[in-house]
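In: For reference, the sequence and a predicted model appear below.
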2 protein chains.
Amino acid sequence: MERATLKDIAAKAKVSITAVSRALNGYDDIGEETRNRIIEIARELNYQPNFAARSLVTQRSGVMGLFVLGRVKGEGFSHPFSGQIITGILDELTSRGYDLMVFSATRPPGEGEPSYLDLCRRRSVEGAFFMGLRLDDPWLPLLKSSPFPIAVLDMALMGRNTHSIGIDNVAGAYDAVRHLADLGHTRIGFINGYGEAMVSHERLQGYKAALLDRSLDYDPSLVALGDFTSEGAERALRELVQRSSDITAVFCASDLMATGAMKAASDMGLAVPRDLSIVGFDDIDLASVTSPPLTTVSQPRYELGETAGRVLADACSRLQPPSRVLLKATLVVRGTTCPPLQKR
Amino acid sequence: MERATLKDIAAKAKVSITAVSRALNGYDDIGEETRNRIIEIARELNYQPNFAARSLVTQRSGVMGLFVLGRVKGEGFSHPFSGQIITGILDELTSRGYDLMVFSATRPPGEGEPSYLDLCRRRSVEGAFFMGLRLDDPWLPLLKSSPFPIAVLDMALMGRNTHSIGIDNVAGAYDAVRHLADLGHTRIGFINGYGEAMVSHERLQGYKAALLDRSLDYDPSLVALGDFTSEGAERALRELVQRSSDITAVFCASDLMATGAMKAASDMGLAVPRDLSIVGFDDIDLASVTSPPLTTVSQPRYELGETAGRVLADACSRLQPPSRVLLKATLVVRGTTCPPLQKR
DNA sequence: CTGTTAGCGCCTTCAA
DNA sequence: TTGAAGGCGCTAACAG
């Protein structure tokens, strides 16, 4: 059985195509009885509207685009968060009648290649989400002047049609470091990701703010880069301990790096948290099953997606000025932090 | 600037719309010189074809659907694999000129709700992927008689248009258990997921096969259910050890459960692997950062997605008979397995 | 080689 | 309350 169209229904109901269209779209300028008959037949034929045809005339596709970017092929999606964020986006969009189209965007920066926006235009996307966008992305300038609304996650982007949704990295890092300071730590290390990432910048800011707030000096030699990998963090921790043997706590800019730090600590004969307190960032699944379980900063991932969905859908239905939303991250104290030895 | 159409280009090039269409689609029945002029103008205007309009006439949307199902809201996407699998799918599809539309499918089993297939038809999807499909899904019978090609991951589904892509769970579990047996273990426990999951069934099969192959008795009291959670596995391990104090090794049907087992073992004063060898399944990121790092069975996740993409795209372009592809999982020996105490 | 015609499935005037 | 006509942007015959 071929797919039923308005025409088929019209024929069977002995009315015009127009009448069917009106009945099915809930207009009230149609006879009670005819409408019911039409609806009944539509159900019989298992009619589903052809969205492509509809969007052609209404100029609204009901589709949002999603770009999951990454430095290397496949990095973006593999990120442990993207799943929950996407779920949040999807749920919110679905409840508003939108569908979601995912685009691959690890293509080479070839010249003839269509830009992100071009990909969207082909598919008549009404708005688009960007995850993992980086400051050095070649298409960044283009996005700023996008003709349709854009929601950027985890990064602030200024443009006339752009909306940024992120978590408050500064406050999150601040809470983590203050927690350590309040436990009595005075030599607190920081293993950051890599410089080009916006989040690295912001978390460093929070780190500094907490130190300042607790009257501790900011010592650059207590900061190292772990490249957001477990191995990188292992190296970084060794370096930190070598440089400052009086270090008693480390804040890591990601949970994955925190696990690396835990491993390195154990290899160096340092007991966690007895000899070294560790705080992570992200609260990935892994965090609660390490031993001891990791104290970390938890991101509201699902809500992040949900919020992004709401913001973008709003921006698409009625004109909205550019916005920036920050969600709060919360410290989850588990087993990798305790007062330093000398304070006990 | 509004979006340019063929009409705009035609006007500017002083040719018919048809000529433009032909030039841009690479037909050769068009003058060399006119073609170049048209292409040049298209570039100037930054023309992007309207796929909706095109698909209306060609009857080919160039879109595949993806359903990520889960028991609870958002479960599917959060699964640590889905990311890499989706990346594989996306890369393969993109290279073949397809786009991917993701559908939310945690809707209540309400009656008036459109089925998975209905959602696809609305969007003129040419084929669809299903991840996390369960045997008790109410739409399962419908899928078997789908009018368009369907690729089911991690589950075998028989239907005239269905293709199953999965990993060889039986062989993977077999390898894991044989590895333990070859180390000298004779009392090997098995912490499985839950009964309704197809994978649980298959991994149990592999477990039994390996025992048989090494002339070890299958003892049901050595098998427990961990519900695929870390906590569930903790309980399960306690139970197993309580029931059989001579147990020296445990195979877990997932890495997450393996971490739970490791935790429980450590709580009970059992050193891993000295007193208890543990093998997981999945090779999630976490597996390589536990201490000791987890011996586990690695799934080729990216290739799984890639293969699914290839199979479905093939099925869409030319008629293909239903197929079933099994990818090989490989044992990765790390630090949680060693010969049992009495053998040393 | 190029243009004309027709129509994909749907919605939206405008008349009746 | 209903129907006829037109067109969204594009491709696929068929003529010239």
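Out: In hand now; what should we look at? Just so you know, these numbers come straight off a predicted model, no measurement behind them. Numbers count the residues shown, from 1 in each chain, chains lettered A, B, ... in the order given.
In: Show me which residues of the stretch 1-150 of chain A are close to DNA strand D?
Out: A:14-19, A:22, A:29-31, A:33-35, A:53, A:56-57 (Cβ under 7 Å from any atom of the strand). For glycine as for every other residue, the C-beta is placed from the backbone atoms N, C-alpha and C.
In: same thing but 6 Å
Out: Within the stretch 1-150 of chain A, the positions near DNA strand D by Cβ under 6 Å from any atom of the strand are A:V15, A:S16, A:T18, A:A19, A:D29, A:I30, A:G31, A:T34, A:L56, A:V57.
In: what residues are up against the closest residue to chain B within the stretch 101-250 of chain A?
Out: Residue of the stretch 101-250 of chain A nearest chain B, by Cβ to the nearest Cβ: A:S104 (4.0 Å). For A:S104, the contact set (Cβ atoms under 8 Å, 6 or more residues apart in numbering or on different chains) comprises B:L90, B:D91, B:L93, B:T94.
In: got a list of what the residue of the stretch 1-150 of chain A found nearest DNA strand D touches?
Out: As assessed by Cβ to the nearest atom of the strand, DNA strand D sits closest to A:G31 within the stretch 1-150 of chain A, at 2.9 Å. For A:G31, no contacting residues are found, by Cβ under 8 Å, 6+ apart.
In: For DNA strand C, see how far away it is.
Out: From A:G31 across to DNA strand C, the span is 12 Å (Cβ to the nearest atom of the strand, to the nearest Å).
In: Make a markdown table out of the contacts of A:S104 and add secondary structure.
Out: Converted to a markdown table, these look like this (DSSP: H, G, I helix; E, B strand; the rest coil):
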| residue | secondary structure |
| --- | --- |
| B:L90 | helix |
| B:D91 | helix |
| B:L93 | helix |
| B:T94 | helix |
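In: which of these sit farthest apart?
Out: Greatest spacing in the contacts of A:S104, by Cβ to Cβ: B:D91 and B:L93 (7.4 Å).
In: Surely A:M198 touches A:L157?
Out: No. A:M198 is not in contact with A:L157 according to Cβ atoms under 8 Å; the separation is 9.8 Å.
In: Okay, now the unreliable bits of chain A?
Out: Scanning chain A for pLDDT under 70 picks out A:1, A:71-80, A:106-111, A:343-344.
In: show me where the stretch 101-250 of chain A has helices.
Out: Ranges of helices in the stretch 101-250 of chain A, per DSSP state H, counting those that start in this stretch, are A:116-122, A:140-144, A:169-183, A:198-213, A:230-243.
In: could you dump those to TSV with mean neighbour count and distance to B:F281?
Out: Converted to TSV, the helices of the stretch 101-250 of chain A look like this (neighbours: other Cβ atoms under 10 Å in any protein chain shown; distance: least, Cβ to Cβ, whole Å):
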stretch	mean neighbour count	distance to B:F281
helix A:116-122	20	37
helix A:140-144	15	42
helix A:169-183	22	34
helix A:198-213	19	33
helix A:230-243	20	21
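In: Can I get the residues of the stretch 1-150 of chain A next to DNA strand D in CSV including secondary structure?
Out: Formatted as CSV, those follow (three-state DSSP):
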residue, secondary structure
A:V15, coil
A:S16, coil
A:T18, helix
A:A19, helix
A:D29, coil
A:I30, coil
A:G31, coil
A:T34, helix
A:L56, helix
A:V57, helix
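In: Show me whatever sits in contact with both of B:D91 and B:L93.
Out: With Cβ under 8 Å, 6+ apart, B:D91 and B:L93 have common neighbours A:S104, B:G309.
In: of these two, who's got more company?
Out: B:L93 (27 against 19; other Cβ atoms under 10 Å in any protein chain shown).
In: From the contacts of A:S104, pick the one nearest DNA strand C.
Out: Using Cβ to the nearest atom of the strand, these come closest to DNA strand C at B:L93, 24.2 Å.
In: if I read this right, that closest one contacts B:I86, doesn't it?
Out: No. Counting by Cβ under 8 Å, B:I86 is not a contact partner of B:L93; they are 10.3 Å apart.
In: and which of the residues of the stretch 1-150 of chain A next to DNA strand D is nearest chain B?
Out: Using Cβ to the nearest Cβ, these come closest to chain B at A:L56, 5.4 Å.
In: and the stretch 101-250 of chain A, which of its residues are near chain B?
Out: Neighbours of chain B within the stretch 101-250 of chain A, by Cβ under 8 Å from any Cβ of the partner chain: A:101-104, A:106-107, A:114, A:118, A:121-124, A:147, A:230.
In: Find the nearest non-adjacent residue to A:R310, please.
Out: Leaving out its chain neighbours, the residue that sits closest to A:R310 by Cβ to Cβ, 6 or more residues apart in numbering or on different chains is A:E92, at 5.6 Å.
In: Which secondary structure state is assigned to the one you found?
Out: helix.
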